[in-house]
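A.B. asks: Test case, fold it:
(one chain, ligands or ions: 1)
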Amino acid sequence: MNTQEFYINGQWVAPNSAATMDVINPSTEEVCATIAIGDQADTDAAVAAAKAAFPAWSQTDKADRVALLQKFRDIYVSRAEDMAQAISTEMGAPQQLARVQQIGAGTWHIDGFLKAFDGFEFEKMHTPTEATLLEPIGVCALITPWNWPMNQIILKVIPAIATGCTVVLKPSEVSPLSGILFAEFMHEAGFPAGVFNLVNGDGPGVGSQLSCHPDVDMVSFTGSSRAGIAISKAAADTLKRVSLELGGKGANIIFADADEDAVNRGAARCFRNSGQSCNAPTRMLVERSRYDEAVIQAAATAEATRVGPASEEGEHIGPVVSEAQFTKIQDLIEIGKKEARLVAGGTGRPDGLNRGYFVRPTVFADVNNDMEIARTEIFGPVLSIIPFDTEEEAVALANDTVYGLTNYVQSSDDAKRMRVGRQLRSGMVETNGKGFAQGSPFGGYKQSGNGREGGAFGLHEFLEVKALSGFVAE
Ligand SMILES: NC(=O)c1ccc[n+]([C@@H]2O[C@H](COP(=O)([O-])OP(=O)(O)OC[C@H]3O[C@@H](n4cnc5c(N)ncnc54)[C@H](O)[C@@H]3O)[C@@H](O)[C@H]2O)c1
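C.D. replies: Residues are numbered from 1 along each chain as shown. Got it, this is the predicted structure:
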């Protein structure tokens with residue numbers, strides 16, 4: 001794997017400076033790779049390559065773009081094991097999670113885009129003499145996080161390139177290995193030089209250079225609210241489009257008439273990927289008559305959740321990604337112990353693990369929405385349980401957060417699920433354990449961001465709309 005160079009204008013090139021950064025395996029706390037870190041000259045070279053490639057690429061036939069994307073998909077599938085190992089090493093996803101969910105999410109989104117692209121109309125007659133044209137926005141900077149690396153990279157690169165944009169990808173410096181492998185696949189697929197470019201670097205460096213670059217037309221970002229704000233400010237001077245997919249503090253409303261498995265399912269979903277998902281249901285709101293039982297069930301789920309190294313097979317959860325995240329989560333658990341009632345887990349590593357950023361699956365009961373653990377996105381395997389008495393109160397509690405990404409509703413009453421779902425201020429509502437459909441728009445309300453990724457909505461993100469009048473249809 002080429003960790004010391006960047007992929008610019010169809011080839012691997014040496015960085016401008018000698019700056020490097022170590023990549024840490026979170027299961028062992030050992031250095032697993034060292035990557036080159038870009039500077040302004042590297043960013044400028046990648047943006048220039050993308051800009052030069054845009055006129056030709058934006059005019060290519062849809063069928064030609066589909067053929068290249070299909071070729072990429074074939075390579076992604078045939079090299080899935082290499083990709084799974086890269087993700088597992090860099091961010092700590094255990095083998096099964098890496099192979100099935102982390103890799104599978106990528107394939108699933110590629111297929112969703114290909115389906116949406118097939119029937120996607122780029123030109124429509126609005127009146128007999130005016131056409132509405134959807135055209136690629138131009139050069140796109142794609143800045144991605146470490147928690148679902150291929151999911152995020154594919155949700156950005158594939159629709160951008162499918163619609164005729166050219167891109168510069170900056171993966172998270174915490175999990176850059178999967179991004180480098182992704183660039184190798186793009187090269188092998190044979191995209192024309194400059195269509196796809198990759199520069200590694202950190203947020204203050206390459207990230208902010210891309211955000212304020214005059215030749216970048218759009219930034220698509222997934223990650224923290226802090227970085228989302230910094231990117232929006234940096235992008236303001238050039239008025240480029242900024243698409244944001246930020247954090248969440250999802251509520252999982254469990255009514256008394258919910259199915260028996262609702263609490264276990266909700267807790268397990270909160271702990272999935274070691275709690276490092278922006279759409280994790282981290283606030284479990286339980287109707288009073290089921291509350292005591294729910295606390296016992298959630299605690300039992302936490303205790304039954306095995307934690308172990310990413311290199312091991314099995315259904316356990318792995319470490320959290322970094323020392324910084326580990327420390328932040330420990331601090332929040334400590335705060336939670338003062339604010340609420342700890343019923344499972346707690347601070348410190350799980351028994352038998354004395355190295356690696358492993359966190360104990362933790363459950364707090366008797367939480368209220370004013371507590372810090374109910375307001376802050378912890379991004380670790382930490383669940384807060386909050387009781388409620390009425391449907392109105394449940395909706396109010398769920399909506400009482402700056403975030404609005406995914407909320408969840410569990411009830412055997414179809415009308416109630418739909419009624420509550422309509423009142424929740426979030427981009428997504430999942431009910432009764434039924435997941436998100438392929439091609440559905442993924443994105444948030446409020447401070448969870450403004451973008452929509454996946455399927456036809458995800459293609460729209462990268463398009464400008466033009467009204468062309470005096471049109472003579474051919
Ligand atoms: N919503 C999500 O999917 C998601 C994903 C990862 C992290 N997070 C949140 O972010 C918190 C911290 O994680 P993190 O530090 O890795 O996330 P982050 O937002 O700092 O990093 C994500 C990406 O943004 C880049 N970046 C950071 N600062 C930037 C800047 N000023 N300009 C341009 N790019 C910048 C990073 O290099 C990385 O590629 C987590 O605790 C979690 O709450 C959310």
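
A.B. asks: Can you name the residues of the stretch 351-474 of the chain that neighbour the ligand?
C.D. replies: Neighbours of the ligand within the stretch 351-474 of the chain, by CB under 6 Å from any ligand atom: 377, 379. Yep, even glycine has a C-beta here, placed from its N, CA and C like the rest.

A.B. asks: Spit out the contact partners of the residue in the stretch 351-474 of the chain positioned nearest to the ligand.
C.D. replies: Minimum separation of the stretch 351-474 of the chain from the ligand (CB to the nearest ligand atom) falls at residue 379, amounting to 3.7 Å. Residues in contact with residue 379 (CB atoms under 8 Å, 6 or more residues apart in numbering) are 147, 247, 275-276, 320, 325, 328-329.

A.B. asks: Also residue 310?
C.D. replies: Per CB under 8 Å, 6+ apart, neighbours of residue 310: 25-27, 88-89, 92-95, 98, 318-319.

A.B. asks: ok, so of those, who is nearest the ligand?
C.D. replies: Relative to the ligand, the closest of the contacts of residue 310 is residue 26; by CB to the nearest ligand atom it sits at 12.4 Å.

A.B. asks: how about the closest one, what does it touch?
C.D. replies: 91-92, 310, 318-322, 356-357.

A.B. asks: tell me the SS of residue 364?
C.D. replies: Secondary structure, DSSP: H, G, I helix; E, B strand; the rest coil: residue 364 is strand.

A.B. asks: meant to ask about residue 120
C.D. replies: coil.

A.B. asks: And the pLDDT for the closest residue to the ligand within the stretch 251-400 of the chain?
C.D. replies: Of all residues in the stretch 251-400 of the chain, residue 278 sits closest to the ligand, at 3.0 Å by CB to the nearest ligand atom. Among the per-residue scores, residue 278 shows a pLDDT of 97.

A.B. asks: Excluding residues flanking it in the chain, which one is nearest it?
C.D. replies: Nearest non-adjacent residue to residue 278, counting by CB to CB, 6 or more residues apart in numbering: residue 248, 4.7 Å away.

A.B. asks: Distance check, the one you found against residue 28.
C.D. replies: Residue 248 sits at a distance of 30 Å from residue 28 (criterion: CB to CB, to the nearest Å).

A.B. asks: which one of those two has more residues nearby?
C.D. replies: Between residue 248 and residue 28, residue 248 has the larger neighbour count (other CB atoms under 10 Å), namely 28 against 17.

A.B. asks: ok, how many other residues are close to the residue of the stretch 51-200 of the chain found nearest the ligand?
C.D. replies: Relative to the ligand, the nearest point of the stretch 51-200 of the chain is residue 145 (3.3 Å; CB to the nearest ligand atom). Neighbour count of residue 145, defined by other CB under 10 Å: 23.

A.B. asks: isn't it right next to residue 170, touching?
C.D. replies: No - with contact defined as CB atoms under 8 Å, residue 145 does not count as touching residue 170 (10.9 Å).

A.B. asks: Pretty sure the residue of the stretch 251-400 of the chain closest to the ligand sits against residue 147.
C.D. replies: Yes - counting by CB under 8 Å, residue 278 touches residue 147, with 7.5 Å between them.
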